[in-house]
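Peer 1: Need a 3D model of the following:
(one chain, ligands or ions: 2)
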Amino acid sequence: MKKTILITGGAGFIGSHVVRRFVTNYPNYHIVNVDALTYAGNLENIKDIENKENYSFEKVDITDLSAVQTLFDKYKPEGIIHLAAESHVDRSISNPLEFVMTNVIGTVNLLNAAKTIWNGNYEGKRFHHISTDEVYGALGDTGFFTETTKYDPHSPYSASKASSDHFVRAYGDTYGMPVVITNCSNNYGPNHFPEKLIPLCIHNIINNKPLPIYGDGKYTRDWLFVVDHARAIDDVYHKAANHATYNIGGFNEWQNIDLVKELCKQMDEKLGRAEGTSAQLITFVKDRPGHDLRYAIDATKIKEELGWEPSVTFEQGLAITIDWYLNNQEWLDNVTNGDYQKYYEKQYSLV
Ligand code: NAD
Ligand code: TYD
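Peer 2: Ligands and ions are numbered 1, 2, ... in the order given. Coordinates of the predicted model:
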């Protein structure tokens, strides 16, 4: 009998890399990808593994309790790796309730379904919740988030993720459920939806469109290559003690403006443009409300306890990412049609 693991959000950016890793590396697991296929979910992201015999897909909205219960009755999973979420801060500012529904209610639905199916028998079981460093709030110019930093979310997105983390811990404490949580910094890489800073700028550089920089551009993020995040999730899923929390980060801080200038430089080379051409597209726009100044992860715990550290330098990761977008312009065109176009026009008509 294969061990069944449900991976939620596996048609999204990070989830697709996690699904690929688990399907490829663990033929003894049956991986069930559970995704509602919202605007951010795209089965094209994992088309290379869709015919593997240890892979199944289920289109389920995790806010639908009875659909979630039916899914758990059908597969009786030993493991859950939960990535499904509304993930974009700007969208959470326009529509917070959607974030409460998926990120909070959806997570509680999964916890309840796992609790019911496991019925107190937690041997060999695991509920791994994927969260973000944004739950810790914002740092000043110095310091790092550790696993014991107090939660202080500022955006509806980070508040909904913080709430889901609390529920996961509460189910661990109250019912003894075998939960683990990881809080990761900003990811980048192939299949990243072009509403987030790096793929948005790559897309706009290709199309000679303005590169919108919020405020003065001095906001800082710690960037991690998505494949390294998927490997960290694998390590934590298999090696962590129950109820553990690990921070995951890239040891790689960039101010947004410097990052976008670096991107412009690399894209000029790849597109055969004169140096400085793409940087002329940089446009400072109205700031994001409640914009967190700086995120930076102290990932010492996962390094010391589980031996994980990033394997790809930022230079390598960015080059792989740019090449992927240049070679997959049809993917970009497909995901930027329709609904996304409407969102984009609304968001940046503020400019
Ligand atoms: P994403 O927006 O690219 O993908 C989210 C996926 O979840 C999509 O496939 C979508 O269809 C699915 N989904 C959304 N609502 C759903 C619902 N109600 N039911 C079922 N499926 C639903 O997100 P991502 O960037 O890949 O993030 C994945 C997870 O990692 C999220 O939990 C996010 O909070 C967390 N995270 C992301 C980052 C980052 O930099 N992107 C960093 C740290 C943590
Ligand atoms: P984003 O990729 O949305 O991730 P997060 O808000 O989760 O960190 O944004 C990364 C940073 O880039 C953040 O400081 C906001 C900024 N940003 C811009 O300056 N312009 C943009 O168009 C976007 C989408 C983000």
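
Peer 1: Contact residues of the stretch 51-200 of the chain facing ligand 2?
Peer 2: Val89, Asn186, Lys196, Leu197, Leu200 (CB under 6 Å from any ligand atom). Bear in mind the C-beta positions are built from the backbone N, C-alpha and C, glycine included.

Peer 1: ok, so of those, who is nearest Phe284?
Peer 2: Nearest to Phe284 among those, counting by CB to CB, is Leu197 at 13.9 Å.

Peer 1: roughly how far apart are the closest residue to that closest one other than its chain neighbours and ligand 2?
Peer 2: Distances taken as CB to CB, 6 or more residues apart in numbering place Asn256 nearest to Leu197, at 6.5 Å, with adjacent residues excluded. Going from Asn256 to ligand 2 by CB to the nearest ligand atom, to the nearest Å gives 5 Å.

Peer 1: Report the contact partners of Asn256.
Peer 2: Each residue near Asn256 by CB atoms under 8 Å, 6 or more residues apart in numbering is listed here: Leu197, Ile213, Tyr214, Gly217, Lys218, Tyr219, Thr220, Arg221.

Peer 1: what residue ranges in the protein score low on pLDDT?
Peer 2: Low-confidence regions of the chain, defined by pLDDT under 70, span residues 350-351.

Peer 1: residue ranges of the helices in it, please?
Peer 2: Remark: helices assigned in the chain by DSSP state H are 13-25, 65-75, 89-94, 96-99, 106-118, 156-175, 197-206, 226-239, 256-271, 300-306, 314-327, 329-335, 339-348.

Peer 1: list the buried ones in the third one?
Peer 2: Buried residues in helix 89-94, counted by 16 or more other CB atoms under 10 Å: Val89, Asp90, Arg91, Ser92, Ile93.

Peer 1: Show residues contacting it.
Peer 2: Here helix 89-94 has contacts from 86, 98-99, 134, 155-158, 160, 195, 288-290, 343, 346-347, using CB under 8 Å, 6+ apart.

Peer 1: wait, which of these is closest to ligand 1?
Peer 2: Nearest to ligand 1 among the contacts of helix 89-94 is Glu86, at 5.8 Å by CB to the nearest ligand atom.

Peer 1: The stretch 1-150 of the chain against ligand 1: which residues are in contact?
Peer 2: 9, 11-15, 35-38, 40-41, 61-63, 83-87, 102, 106, 130, 132.

Peer 1: Please produce a PyMOL select command covering the buried subset of these.
Peer 2: In PyMOL, this line selects whichever of those come out buried by 16+ other CB under 10 Å:
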select buried, resi 9+11+12+13+14+15+35+36+38+40+41+61+62+63+83+84+85+86+87+102+106+130+132
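
Peer 1: Surely Met101 is in contact with Thr63?
Peer 2: Yes: when contacts are counted by CB atoms under 8 Å, Met101 is listed as touching Thr63 (4.9 Å).

Peer 1: overlap in contacts of these two?
Peer 2: With the criterion set as CB under 8 Å, 6+ apart, the contacts of Met101 and Thr63 do not overlap.

Peer 1: so how many other residues sit close to Ser185?
Peer 2: When counting by other CB atoms under 10 Å, one arrives at 24 neighbours for Ser185.

Peer 1: Quick one: residues contacting it.
Peer 2: Ser185 makes contact with Asp133, Arg221, Asp222, Trp223, Leu224, Ile248, Gly249, Gly250, Tyr295, Ala296, Ile297 under the criterion CB under 8 Å, 6+ apart.

Peer 1: Please list only the buried members of these.
Peer 2: Counted by 16+ other CB under 10 Å, the contacts of Ser185 give Asp133, Arg221, Asp222, Trp223, Leu224, Ile248, Gly249, Gly250, Tyr295, Ala296, Ile297 as buried.

Peer 1: give me the beta-bridge partners of the last one?
Peer 2: Same thing as Ile297. Counting by DSSP bridges, Ile297 is bridged to Phe145.

Peer 1: Quickly note the distance from it to Trp254.
Peer 2: 13 Å (CB to CB, to the nearest Å).

Peer 1: Next: the first one.
Peer 2: Between Asp133 and Trp254 the distance, using CB to CB, works out to 15 Å.

Peer 1: Then the second one?
Peer 2: Distance from Arg221 to Trp254, counting by CB to CB: 6 Å.
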